[in-house]
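**Q** I would like to see how this sequence folds:
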Amino acid sequence: MLRRFVPTAVGLLIALLLSPVTAGAATCRPAARVPGAELQEWSCLDDLSTAGTVASGHTVPADWAGLTASTLPAPTPVPGMQVDGYFPDTSTTNTHHGWNHDSQFVLRLPAHWNGGLVVSGTPGNRAQYANDRAIADYVLAQGYAFAATDKGNTGVRFFTDPGGVAEWNFRLTQLTVAAKATLARYYGRPPVRTLAAGMSNGGYLVRWQLENRPGLYDGGVDWEGTLWSQHDNLLEFLPAALRAYPAGDHDAMLKAGFAPGSEFLWDFHYRVYWDLTQRIYRESLDPGYDGALQAGIPFCQSGTPNCDADYDYAARPASVHRAVERISLTGRIGKPLITLHGTLDSLLPISRDSDVYDRMIGEAGRAGLHRYYR
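**A** Numbers count the residues shown, from 1 in each chain. Take a look at the predicted model:
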């Protein structure tokens, strides 16, 4: 379904995504320092796309494994400069480059620059190259510069980092500010448009940035962005799934928000996603639920003490709700946003996620800034 959308906003977002700007020079320019970075390495490459960076060692395919179809067209070669580095941080879950340092980023500066910048945070708990195939290859071929962050903590034990989910928002803001300044230094002029793009947790970051830092961006695209709010979040529907699916309670699964027709996906999601996702995000936001345990008891049955299948977010203490409030969305976007979400999504059911966020945007009086494809 395509929601009604103010024509001027449609034209603006199409222009942001597709229209060219005067191209820059065709060679690598002298390096220009990334402000705030603790470490940075500049590399002039014949090809910034994954076709080139896999061979040159300037990406990590494991970061983007499974995120795109094997039939995705081969990327167009894009010469230019790549910057790898990290911002000051005390956590060490990201082991790329042997740095053992979080807040790593990648910045790619095409030789033929169209004047635009696309920034992104990673989906799930992956590291900074996770969007290289799904997003970077496409936007680089259009002439955009591209920047991505690991969000400040990586891996399934991200809950051990005190920054947690809230840090993700800061890290994308930090990278956006630094990337815009770096482009101005490198090309001799600032970007004329800046877009945020991402999927899943990266889509959540797009939503949060356009609500809370709209002055940094001209628009954004989110694929199935994770919804955090006091009334709708994964800590509510995942426990229901963890109770209902093993019990074979089909009606309870549908009531929890999982779409009819998505049943063929449930077993895989139960084994791979629901249990782990519930436990690690609950541990990050509500570590007191399971006492001295860290991220609970995997695949515990309802009725087991401290079992996440019985987690009741509404009944948890006010401190837990304050933790969720710190990362919650409101729908008050300040720049145009495109949302895309598959109707059979069985990790973030569309009825509990993007449908709700679309309503939140409407209730906030910002429907004219939102185009929603489902």
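**Q** ok, now how distant is Gly248 from Gly331?
**A** Here Gly248 is placed at a distance of 36 Å from Gly331 (C-beta to C-beta, to the nearest Å). C-beta coordinates here come from the backbone N, C-alpha and C atoms, glycine included.
**Q** neighbour count winner among those two?
**A** Gly331 (20 against 8; other C-beta atoms under 10 Å).
**Q** ok, now which ones touch that one?
**A** Contact analysis of Gly331 by C-beta atoms under 8 Å, 6 or more residues apart in numbering lists Glu211, Tyr357, Arg359, Met360, Ile361, Gly362, Glu363, Ala364, Arg366.
**Q** please apply the same query to Phe105.
**A** 34, 37, 83-87, 128, 147-150, 175, 178 are the contacts of Phe105 under C-beta under 8 Å, 6+ apart.
**Q** again, only this time at 7 Å
**A** Gly85, Tyr86, Gln128, Ala147, Ala148, Thr149, Leu175 (C-beta atoms under 7 Å, 6 or more residues apart in numbering).
**Q** just the ones of the residues you listed in helices?
**A** Leu175 (DSSP state H).
**Q** need the contacts of Phe105 in JSON lines with neighbour count, distance to Arg271 and pLDDT, can you?
**A** As requested, the contacts of Phe105 are exported to JSON lines (neighbours: other C-beta atoms under 10 Å; distance: C-beta to C-beta, whole Å; pLDDT from 0 to 100):
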{"residue": "Gly85", "neighbour count": "22", "distance to Arg271": "37", "pLDDT": "98"}
{"residue": "Tyr86", "neighbour count": "22", "distance to Arg271": "34", "pLDDT": "98"}
{"residue": "Gln128", "neighbour count": "29", "distance to Arg271": "28", "pLDDT": "98"}
{"residue": "Ala147", "neighbour count": "27", "distance to Arg271": "35", "pLDDT": "98"}
{"residue": "Ala148", "neighbour count": "30", "distance to Arg271": "29", "pLDDT": "98"}
{"residue": "Thr149", "neighbour count": "31", "distance to Arg271": "30", "pLDDT": "98"}
{"residue": "Leu175", "neighbour count": "28", "distance to Arg271": "34", "pLDDT": "98"}
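**Q** turn the contacts of Phe105 into JSON lines, including distance to Glu325.
**A** Output for the contacts of Phe105, formatted as JSON lines (distance: C-beta to C-beta, whole Å):
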{"residue": "Gly85", "distance to Glu325": "33"}
{"residue": "Tyr86", "distance to Glu325": "29"}
{"residue": "Gln128", "distance to Glu325": "28"}
{"residue": "Ala147", "distance to Glu325": "29"}
{"residue": "Ala148", "distance to Glu325": "27"}
{"residue": "Thr149", "distance to Glu325": "23"}
{"residue": "Leu175", "distance to Glu325": "24"}
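**Q** domains in this structure, by residue range?
**A** The chain resolves into domains spanning 39-229+330-372, 234-327 when parsed by the TED database.
**Q** tell me how far Cys307 lies from Phe158.
**A** When distance is defined by C-beta to C-beta, Cys307 is 22 Å away from Phe158.
**Q** so those two - more neighbours on which side?
**A** Using other C-beta under 10 Å, the more surrounded residue of Cys307 and Phe158 is Phe158, with 24 against 20.
**Q** how confident was the prediction at the residue of the chain positioned farthest from its centre?
**A** In the chain, the residue that sits farthest from the middle, by C-alpha atoms, centre = their mean, is Gly303; the gap is 34.1 Å. Looking at Gly303, its pLDDT reads 96.
**Q** hang on, it in a helix?
**A** No - secondary structure of Gly303 (DSSP: H, G, I helix; E, B strand; the rest coil): coil, not part of a helix.
**Q** dihedrals phi and psi, it?
**A** The phi and psi values for Gly303, taken as degrees, to the nearest 10, are phi 100, psi -20.
**Q** residue boundaries of the strands in the stretch 101-250 of the chain?
**A** Under the criterion DSSP state E, counting those that start in this stretch, the stretch 101-250 of the chain carries strands at the ranges 104-110, 116-121, 145-149, 193-199, 219-223.
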